[in-house]
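**Q** I'd like to go over a predicted model; first the sequence, then the structure.
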Amino acid sequence: MEKNHLELHGRLVREINLLSKNFSSRNYSKITNVNNLLLKKDISVENKKNVLMGGLHKIISTTFSINRKKFQKKDLKSLGKRLDSARKIISKLRDLNYYLETVFLQELKLSRIKIKDISSISKKQDGLAKSELQRLEYSAYRLIGQAVIADKKLLREYSKKEKVIAGREKSEFKSLDMILRKETILMEHLEAKIPPSKMVGINLLQDPVFSHWTARVFALLIYLEHWHSGEKLIFSQLKKNKPVKARINKKIFQIIGEKAKLLKIMDEKADSMKRFNISGSFKRELHSFTSSMRL
């Protein structure tokens, strides 16, 4: 585990313990409405993602950092609403990442702007490597050992995880496309660990289910935030290039407007619908437009 990953872990454990100590049903029922933020268009893709990552951290940390001695049956409804909010944020983050992975990166490449740290020559991954799964297990082990919400009896099941070497300094952040892909994979794993409200029952709060569940959710959140810190680092480097900075800072409604205008121009150039041949460029712009509409 890198130093940054360990620091994120330490901060989250302290936050979990404080939230659990101060838990109350009254505060737990107060859930921020995320819908306005999800639909916000007068913001850049980068900034919207940063804000949503902050929102995801808050909703997950406050949702799972409970005091089960104070948790009441009526709080299950609040738990369900919170899980639904977390799933909405993850879904939107996946939409943003899809846009960045496809349209944004493709446009940078087509612009022929020579920039480092955009592409990786390594083979595209569709899952987590064995070493990364081991890292997540080690992170879950540390969380169970340090967070007050977890059952310490379960540490025996994770005894081998302690042997994982921690504190590596070598950066994993090779390129933007690799980071975005890794984030998307982690978002998929995290979403799979968060059930919709209709599936929430009191059994989720009983051990060993609760401790295993929360430890893995928090481990995935930390690892996602670790990779996102690498993304922010690369974006700060990219912004040193003025044309790229202008693209990054463009508001979502501007992106949608530009895509719609371009599609209209391309459509008007067709002599007729019968003779209209859907070229590769038109398909590409149609994909760009539909992707931007989901931002």
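**A** Here it is on my side, so go on. Residues are numbered from 1 along each chain as shown.

**Q** where do the helices sit along the stretch 1-150 of the chain?
**A** Ranges of helices in the stretch 1-150 of the chain, per DSSP state H, counting those that start in this stretch, are 3-21, 25-28, 35-38, 45-64, 75-99, 105-110, 130-146.

**Q** quick one: contacts of the first one?
**A** By CB atoms under 8 Å, 6 or more residues apart in numbering, the residues outside helix 3-21 that reach it are 1, 61-62, 64-67, 135, 139, 142-143, 146-149, 166-169, 218, 221-223, 225-226, 229. Heads up, the C-betas are built off the backbone N, CA and C, glycines and all.

**Q** before we move on, what about stretch 239-255?
**A** 40-46, 48, 104, 107-108, 111, 113, 115, 235, 238, 292, 295.

**Q** now a PyMOL select for only the buried ones of those.
**A** Buried residues within these, by 16 or more other CB atoms under 10 Å, are selected in PyMOL with:
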select buried, resi 40+43+44+45+46+48+104+108+115+235+238+292+295
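
**Q** which ones among the contacts of stretch 239-255 map onto strands?
**A** Using DSSP state E, the subset of the contacts of stretch 239-255 located in strands is empty.

**Q** and the helices of the stretch 1-150 of the chain as a markdown table, adding distance to residue 189 and mean pLDDT?
**A** Output for the helices of the stretch 1-150 of the chain, formatted as a markdown table (distance: least, CB to CB, whole Å; pLDDT from 0 to 100):
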| stretch | distance to residue 189 | mean pLDDT |
| --- | --- | --- |
| helix 3-21 | 16 | 90 |
| helix 25-28 | 26 | 94 |
| helix 35-38 | 21 | 89 |
| helix 45-64 | 13 | 96 |
| helix 75-99 | 10 | 95 |
| helix 105-110 | 22 | 76 |
| helix 130-146 | 8 | 81 |
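
**Q** how far away is the nearest residue to residue 105 once chain neighbours are set aside from residue 292?
**A** Distances taken as CB to CB, 6 or more residues apart in numbering place residue 177 nearest to residue 105, at 5.8 Å, with adjacent residues excluded. According to CB to CB, to the nearest Å, residue 177 stands 19 Å off from residue 292.

**Q** contacting residues for the closest residue to residue 294 other than its chain neighbours?
**A** In this structure, residue 294 finds its nearest non-sequential neighbour in residue 95, 4.3 Å apart by CB to CB, 6+ apart. For residue 95, the contacting residues are 291, 294, 295, by CB under 8 Å, 6+ apart.

**Q** wait, the first one touches residue 99, no?
**A** The one in question is residue 291. Yes: the criterion here is CB atoms under 8 Å, and residue 291 meets it with residue 99 at 4.8 Å.

**Q** just the strands in the stretch 151-295 of the chain please.
**A** Counting by DSSP state E, counting those that start in this stretch, the stretch 151-295 of the chain has no strands to list.

**Q** just put the helices of the stretch 1-150 of the chain in TSV and tack on distance to residue 259.
**A** Listed next are the helices of the stretch 1-150 of the chain as TSV, based on distance: least, CB to CB, whole Å:
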stretch	distance to residue 259
helix 3-21	36
helix 25-28	42
helix 35-38	20
helix 45-64	13
helix 75-99	11
helix 105-110	11
helix 130-146	35
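
**Q** quick one: which of those helices is nearest residue 194?
**A** Closest approach to residue 194 among the helices of the stretch 1-150 of the chain (CB to CB): helix 75-99, 5.3 Å.

**Q** show me what the helix ranked longest in the chain is packed against.
**A** Secondary structure of the chain per DSSP state H: the longest helix is helix 209-238. On a contact count with 3 or more CB pairs under 8 Å, 6 or more residues apart in numbering; DSSP states H and E, helix 209-238 meets helix 3-21, helix 45-64, helix 130-146, helix 176-193, helix 242-248.

**Q** now do the buried residues in that helix.
**A** Applying 16+ other CB under 10 Å to helix 209-238 flags 210-231, 233-235, 238 as buried.
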